[in-house]
Structure formats: C-alpha cells, structure tokens
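1. Fold the following.
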Amino acid sequence: MSTPTTSSLDTPLPGNGPLQPSTLSSSSDGKEDGPEPLPGGADPDVPSTDGAGSASVVVILDPAEEPERKRKKGPAPKMLGDELCQVCGDTASGFHYNVLSCEGCKGFFRRSVIRGGAGRYACRGGGTCQMDAFMRRKCQQCRLRKCKEAGMREQCVLSKEQIRKKKIRKQQQQQQQQSSPTAPGVSSGSASGPGASPGGSDGGGQGSGEGEGIQLTAAQELMIQQLVAAQLQCNKRSFSDQPKVTPWPLGADPQSRDARQQRFAHFTELAIISVQEIVDFAKQVPGFLQLGREDQIALLKASTIEIMLLETARRYNHETECITFLKDFTYSKDDFHRAGLQVEFINPIFEFSRAMRRLGLDDAEYALLIAINIFSADRPNVQEPSRVEALQQPYVDALLSYTRIKRPQDQLRFPRMLMKLVSLRTLSSVHSEQVFALRLQDKKLPPLLSEIWDVHE
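-> The predicted structure follows:
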C-alpha cells in the first residue's frame, strides 16, 4: 500500500525546524474547552450541536436556505425569526454599518459619527451602563460605546459630501435610464476579480443603490491576488501526489474486509494530501509566519478540518450530487459510507456543500474566507489572541469590500458567508464524533491525521 509523501509538511517554519506530526501536539495539560457560542445560533443548513461558535461574527438567518420553514405569503422578509439588535436588544431591522441592529441604533450611530458625538457625550455612571431599549435613551456615551463594541464601523458612514455626491450620481443614472430605456441595469455580478469595476455601500441598510463609492485598495487587490495564486500553486502540487494514492477497489466484493480497508486507506491518504495543501497555503498567507510557532500549530490544528470541508464544498457538483477530489476522484454519498464514514457526518457535509453552492463563491471569496478561518483568535491554546485577531481583520475588511463590489444589491451576502464559519464549527464537532466512531471500529488513522485531530490511542 502506497502512502502520499509528506514533503509539503517538511518545509521549516521560521527558525523552528520542520513541521512534523509530533510537533503538532498541544501544550495544554487538561481537557480543552470548546469555543464560545456565537450570537445568532447555528446555520440552518447544518444540524445543531453544542460545538458552534466563532469570534466577533454577527449572523443573520437566511430565508433562502430554510425551505421547510413556513412563511407568510407576500413580499419575502429581509430576515426570519426574532433577530435582536446587537446594541440595545430591540428588534433588528437589518445589517447596518457591519452590525445587525435596529433603526434607532443605526440612526444614532450615523448621527454620532457625522456630528462628532464621541467628544460631547458624557456618562453619569462611570461608563458602565448596561444597554437596553430603555437605557439607550438615557446614556448616549454608553450607547455609542456599545455600538463600537458590537462592531459598527465609522468608515461605513458616508459624510455629508459623500451623500451629496451619491445623490447626484443617482439622479444622473435615473436621467440616463429615462433617456435610454433599453440601457441595462446594474449587474449583480459585475465584479469577478480584484480588478473589477467597484460599486460600494455606506453600510447603512438593505436598500437598493448601495455599493457606490467603494473600491479595493491597492493592498487589498495585491492580497487577493496573492491568496488566489497561492491556492492555485498548492492545488497543482496536490495533483502530483494523485498517482500515489491507494486505488479505489473496483470489481471486488464491496463487503470484503480487504475492500473496506482499501477504501478507508484511499480516503485517509486523500485527507493527508489535503492537510499538506492547507499547511502549504497557510505558510503563504500574509501574516501567518509572523506568529509564534505555538500559535501557528494551534491555528492549523483547529482550522484544518474546517478548511477541508470548505474545499469539499467547493468541489461539489449539484447536478450529480457528487464531490470530486484531484480532478479524477469522484464520490457520492454511498462512496463516503463505503469508506467507513457515518451517515450522521456524511449528510451534514453534503447539506453544507449545497448551501455553499447556493452562495456561488468565486476563487477570491473562497481564499479570503479560508484566511479568515485560519486567523480565528478563539481557538484552543492560542497564546496571542489579540495579535491573531489583528491579522484577521484585513481579510474581513477585504471580503466585505469585495462582496459589496461584486453584489452591491445583495446586502445579506457578507453575513451569509460569515455564517458559514459558524456552520464549520458545528461540522467540526460532528467530525470529532466521527473520529471517535472510527476508533470504535478499529480503524487506525495515519500518525499525521491523529496528531492534527488529537486522536490519542
């Protein structure tokens, strides 16, 4: 039985020697605590478990992804459920200035930024007021503080001059449409890459016309180009390992012990190739090698399975309901089951893949989402979470700008994408149960996968 080489894992991390399976061991002496649950709950596309969570992400339930929920006839609602304002707890009206919030807090934050309210507000309670629908009227300073803590961004607020220019552009567009009735409208997918013509948004709501005035910075364009190129390079290296994978048994008795072992070996060797590809990519993500060795290992161990699931979704074919690896290896649900995986893990994988397919991410969006996933500061055993969070922020900013340029009319696209990070936490928990089940079946994982997934014999 041949096994894929681990050459891509032998590249040394800065000043620390090669990254071998034994070096992936955590420094924690006790049982790791799970991540804190994320506000907003789990993705409706993935069965809920106790493992969901992510750092500083606000999610919105997606009506398009809950086909079985009964809805009233009439115009489709912007949100489903009783979503609450992340500032005061009142009923939220939409995603404003990067935060799920009510109309009142949206307007308050905009006025505070435009009028410079931060320097005029004062709190009589020492700046510790607990914000709710009542207190928001009593203490402006604490309300503004809570807005910023929830994630509202001042740069999303248009100045009076920007608003004036926006109105002028809108009037000009209306005049052009009236004079040329056959002129096409704004394309929802006009930007397909980093250099595409930008739209923009003031981040203030969900109305049409948002998307004007936003452009990717030169640094963001370069970042996206580097990430996409790195992914392409890593994928090409993975193809060279394809002949080394144990063949999928054909013609033999599918229930024979040898056939079952061969299918399991085939899948684990594909997993090793995927891990190598992820490690190679992480080393090329700007900022990753600036972290200490312990944090590099902690982030890789926690994110690897989630990135593997993202890549699995990327390779999903909705017409055949199959997933293709390394161009030539195509698998159905039955194939996953024959390889020894449980239905409780297989079904969520395919449900998640279908949900990602509906989002229709391009290469740049996938690359940015993976980078954001890598720099998750709330992972177990991370030594410098604030530094990890600071490294993550430019990728979040770039993804926000990119999605608003690409789909200026779809204000829910960005939060939907962030919501998938919550889904991945849930799937990661289900994966841990799957690994435990494999141990009960006497299926032994290769050393690298055992180290990555903390399987201790």
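
2. what about the closest residue to residue 160 other than its chain neighbours, neighbour count?
-> Closest residue to residue 160 apart from its sequence neighbours, by Cβ to Cβ, 6 or more residues apart in numbering: residue 114 at 6.8 Å. Placement of C-beta: from N, CA and C, glycine included. Burial of residue 114, expressed as a neighbour count using other Cβ atoms under 10 Å, amounts to 14.

3. Can you check my assumption that residue 114 lies in a strand?
-> No: secondary structure of residue 114 (DSSP: H, G, I helix; E, B strand; the rest coil): helix, not part of a strand.

4. Wait, it touches residue 163, no?
-> No: using Cβ atoms under 8 Å, residue 114 is not in contact with residue 163, being 9.2 Å away.

5. What residues of whichever strand or helix holds residue 110 count as buried?
-> Per DSSP states H and E, residue 110 falls inside helix 103-115. The neighbour-count check on helix 103-115 (16 or more other Cβ atoms under 10 Å) flags 104-106, 108-110, 112-113 as buried.

6. ditto for stretch 160-179
-> Buried-residue list, stretch 160-179, by 16+ other Cβ under 10 Å: residue 166.

7. just checking, next helix/strand downstream of the helix or strand that contains residue 355?
-> Secondary structure assignment for residue 355, by DSSP H and E: helix 343-359. Scanning forward in sequence from helix 343-359 by DSSP H and E, the next helix or strand is helix 363-374.

8. Make sure residue 324 is indeed in a strand.
-> Yes: counting by three-state DSSP, one finds residue 324 located in a strand.

9. what about the stretch 351-457 of the chain, any weak spots by pLDDT?
-> Applying pLDDT under 70 to the stretch 351-457 of the chain flags residues 432-457.

10. quick one: the helices in it?
-> 363-374, 385-406, 413-440, 447-452 (DSSP state H, counting those that start in this stretch).

11. Taking helix 385-406 as reference, get the angle to the first one.
-> So the one you mean is helix 363-374. Interaxial angle of helix 363-374 relative to helix 385-406 (axes from the mean of the first three to the mean of the last three Cα atoms, to 10 degrees): 160 degrees.

12. Tell me the helices and strands packed up against helix 363-374.
-> helix 218-239, helix 293-314, helix 385-406, helix 413-440 (3 or more Cβ pairs under 8 Å, 6 or more residues apart in numbering; DSSP states H and E).

13. For residue 85, find the nearest of those.
-> Nearest to residue 85 among those is helix 413-440; the distance by Cβ to Cβ comes to 14.5 Å.

14. Quick check on residue 95: phi, psi?
-> For residue 95, the backbone dihedrals (degrees, to the nearest 10) come out as phi -100, psi 100.

15. I meant to write residue 140 there.
-> Taking degrees, to the nearest 10 as the convention, residue 140 sits at phi -70, psi -40.

16. still on that earlier bit, adding distance to residue 280, write the helices and strands packed on helix 363-374 out as JSON lines.
-> Compiled in JSON lines, the helices and strands packed on helix 363-374 are given as follows (distance: least, Cβ to Cβ, whole Å):
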{"stretch": "helix 218-239", "distance to residue 280": "5"}
{"stretch": "helix 293-314", "distance to residue 280": "11"}
{"stretch": "helix 385-406", "distance to residue 280": "18"}
{"stretch": "helix 413-440", "distance to residue 280": "20"}
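
17. The ones you listed into JSON lines, with extra columns for distance to residue 159 and mean neighbour count?
-> Converted to JSON lines, the helices and strands packed on helix 363-374 look like this (distance: least, Cβ to Cβ, whole Å; neighbours: other Cβ atoms under 10 Å):
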{"stretch": "helix 218-239", "distance to residue 159": "21", "mean neighbour count": "16"}
{"stretch": "helix 293-314", "distance to residue 159": "37", "mean neighbour count": "21"}
{"stretch": "helix 385-406", "distance to residue 159": "18", "mean neighbour count": "20"}
{"stretch": "helix 413-440", "distance to residue 159": "22", "mean neighbour count": "20"}
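
18. With residue 286 as the reference, name the closest of those.
-> helix 218-239 (6.4 Å).

19. Give me the three-state assignment for residue 122.
-> Here residue 122 is recorded as coil under three-state DSSP.

20. Tell me how many other residues crowd it.
-> A count of nearby residues for residue 122, using other Cβ under 10 Å, gives 9.

21. Run through the residues that contact it.
-> Contacts of residue 122 were listed using Cβ atoms under 8 Å, 6 or more residues apart in numbering, and they are residue 141.

22. any idea how far residue 262 is from residue 233?
-> As defined by Cβ to Cβ, to the nearest Å, residue 233 lies at a distance of 31 Å from residue 262.

23. Quick check: of the buried residues of helix 103-115, which lies closest to residue 319?
-> In terms of Cβ to Cβ, no member of the buried residues of helix 103-115 lies closer to residue 319 than residue 106, at 41.7 Å.

24. burial measure for the closest residue to the closest one other than its chain neighbours, as a count.
-> Spatial nearest neighbour of residue 106, excluding adjacent residues (Cβ to Cβ, 6+ apart): residue 96 at 4.0 Å. By the criterion of other Cβ under 10 Å, residue 96 has 29 neighbours.

25. again with residue 97
-> 24.

26. got the contact list for it?
-> So residue 97 contacts 106, 109-110, 147, 152-153, 156-157, 203-204 (Cβ under 8 Å, 6+ apart).

27. May I see the helices of the stretch 351-457 of the chain organised as JSON lines, with distance to residue 294 added?
-> Conversion of the helices of the stretch 351-457 of the chain to JSON lines gives the following (distance: least, Cβ to Cβ, whole Å):
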{"stretch": "helix 363-374", "distance to residue 294": "15"}
{"stretch": "helix 385-406", "distance to residue 294": "12"}
{"stretch": "helix 413-440", "distance to residue 294": "20"}
{"stretch": "helix 447-452", "distance to residue 294": "15"}
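
28. So for residue 132, which of the ones you listed sits nearest?
-> With respect to residue 132, and counting by Cβ to Cβ, the nearest of those is helix 413-440 at 23.4 Å.

29. any idea how far residue 166 lies from residue 378?
-> Taking Cβ to Cβ, one finds residue 166 at 37 Å from residue 378.

30. How about residue 156?
-> 24 Å.

31. ok, and the closest non-adjacent residue to residue 281?
-> residue 234 (4.8 Å).

32. wait, that neighbour sits on residue 283?
-> No: in this structure residue 234 lies outside contact range of residue 283 using Cβ under 8 Å: 9.6 Å.

33. Residue 278: what's it in contact with?
-> Counting by Cβ under 8 Å, 6+ apart, residue 278 has contacts 300, 303-304, 307-308.

34. Nearest to residue 408, out of these: which one, please.
-> If you rank the contacts of residue 278 by distance to residue 408 using Cβ to Cβ, residue 307 comes first, at 28.6 Å.

35. Quick check, pLDDT for the closest one.
-> Looking at residue 307, its pLDDT is 92.

36. Which helix or which strand is home to residue 267?
-> Here residue 267 sits within helix 257-284, counting by DSSP H and E.
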